[in-house]
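# Here is my input; please provide its structure:
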Amino acid sequence: MGPVSRAQIARDSDLSKPTVSQALAALVGAGLVREAGRSSGGRGPAAVLYELDPRAGWVVGLDVGRDFVRAAIANLAGEIVARRDERARVRSQRTLISQIGEISHALAAEAGVKWNQVTFATVGSPGVFDPVTGHVALAHALPGWGRSGLAQAVQEELGTKVAFENDVNLAALGEQWLGLGKGVESFVYLHVGTGVGAGLVLRGELYRGHTGAAGEVGYLPIGGDPRDKILRRRGVLDTEAGASGVVATARRLGMEPPLSPRKVFAAARRGDRIARRVVELEADRIALAAAAIVPIVDPELVVLGGGIGRNGDLLLEPVTQALRAVTPFAVRLEVSPLGEEAVVLGAVWMALQAAQDLLFTRTNAMVVA
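Got it, this is the predicted structure:
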């Protein structure tokens, strides 16, 4: 919502102009609303415009992963004023929750914000969150994360309103806010990193499915036996195309340990023959995943992201070629410009929507009272 005049508020609320003027004075005094200039281009004298004060509330977005906890704090205008990344303390649910609290309060202190001014926080992590039970399922990368009481424990640790969301869904929202998805009605954010997942934005809205599991494409039966108990639990495509799959392929083809996806892709850039073959095989798996998604949701765009997916210099061309070879459906394929920031940006965006809704409700109540 942009700046509005007293006359516009009166028309929209069916209140008298004197009542609106009195309410606006109270809102300005409470620090919820501020003057935002004057109108121009209309007949008659210019009118004073009002808007929510960006400092009337603050939001925190968190990306909780196996390797890192990333966090940002922003004002209501979406301006990020402080960022932190820390190695994740994944020994237990308790240590990770404590870290979430510590990094959030440290960000507020760095931004010069009292914690009671933080209106909302969004926590993104792997897994499927059930808002009724507060339980997170399929978060195999985070020890203890699926135990009961998670939502309540985080709420108590932070002491503010909190929402949970799948990390890849948040990456899609970050892409919609500040990345390649801006202005695109339907697109898929295909994350390839520790695991494989997809965030689906359809007709401008994030699609979660009936139980919140939409986009859990790591469970597609691509690359192995889906009846294998271990693969069934962890996901066939997740095991084959995620970080452990890249390492396993490199080891099988004869690359010398210690190995990691980062080392494999770095070797491929140096021209290492085996590493390049590993990248080719990874590109084929990613293409098969995209080929399984595209005919179902018919997106305008597929955005590659994640620690592996963002290696566009090595992956974009072979994935595009492999995709053309296995499906007749044309789709634009690009690499996310947001890199490792996608999830935390999506978390900030989601928290902003919730915080703005809360403040609009409070503001409207003061105007009507």
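
# Okay, domains of the protein per the record?
4-52, 56-170+343-359, 180-337 (automatic domain parsing).

# now the end-to-end length of the last one.
When the termini of domain 180-337 are compared using C-alpha to C-alpha, to the nearest Å, they are 7 Å apart.

# again, but for the second one
From the first residue to the last, domain 56-170+343-359 extends over 8 Å; the measure is C-alpha to C-alpha.

# Low-confidence ranges, the stretch 1-150 of the chain, go.
For the stretch 1-150 of the chain, applying pLDDT under 70 flags the ranges 1-2, 30, 40-44.

# can you tell me which residues contact the closest residue to residue 336 other than its chain neighbours?
Spatially, and ignoring its direct neighbours in sequence, residue 336 is nearest to residue 305 (4.0 Å; C-beta to C-beta, 6 or more residues apart in numbering). Every C-beta, even on glycine, is put in place using the N, C-alpha and C of the backbone. Neighbouring residues of residue 305 by C-beta atoms under 8 Å, 6 or more residues apart in numbering: 171, 175, 189, 190, 191, 192, 335, 336, 338, 339, 342.

# Now residue 305: phi and psi?
phi -150, psi -170 (degrees, to the nearest 10).

# ok, what's across the strand from it?
Bridge pairing for residue 305 (DSSP bridges) gives the partners residue 191.

# roughly how far apart are it and residue 174?
The gap separating residue 305 from residue 174 is 9 Å, by C-beta to C-beta, to the nearest Å.

# any residues in contact with both of the two?
338, 342.

# Please settle this for me: is residue 292 part of a helix?
Yes - per DSSP: H, G, I helix; E, B strand; the rest coil, residue 292 lies within a helix segment.

# Which residue, other than its chain neighbours, is closest to it?
residue 220 (5.6 Å).

# Just list the residues touching the one you found, thanks.
Contacts of residue 220 (C-beta under 8 Å, 6+ apart): 235, 236, 237, 289, 292.

# next one: residue 226
232, 236.

# Quickly note the distance from it to residue 240.
11 Å.

# just residue 113 next, same as before
44 Å.

# swap in residue 100?
31 Å.

# Just among the contacts of residue 220, which is most surrounded?
With neighbours set by other C-beta atoms under 10 Å, the maximum within these is found at residue 237, which has 29 neighbours.

# What are the contacting residues of the one helix or strand that residue maps to?
Element membership of residue 237, judged by DSSP states H and E, is helix 236-241. Taking contacts as C-beta under 8 Å, 6+ apart, the residues outside helix 236-241 that touch it are 192, 195-196, 217-226, 228, 230-231, 245, 282, 285-286, 288-289, 308.

# Thanks again, I'm all set now.
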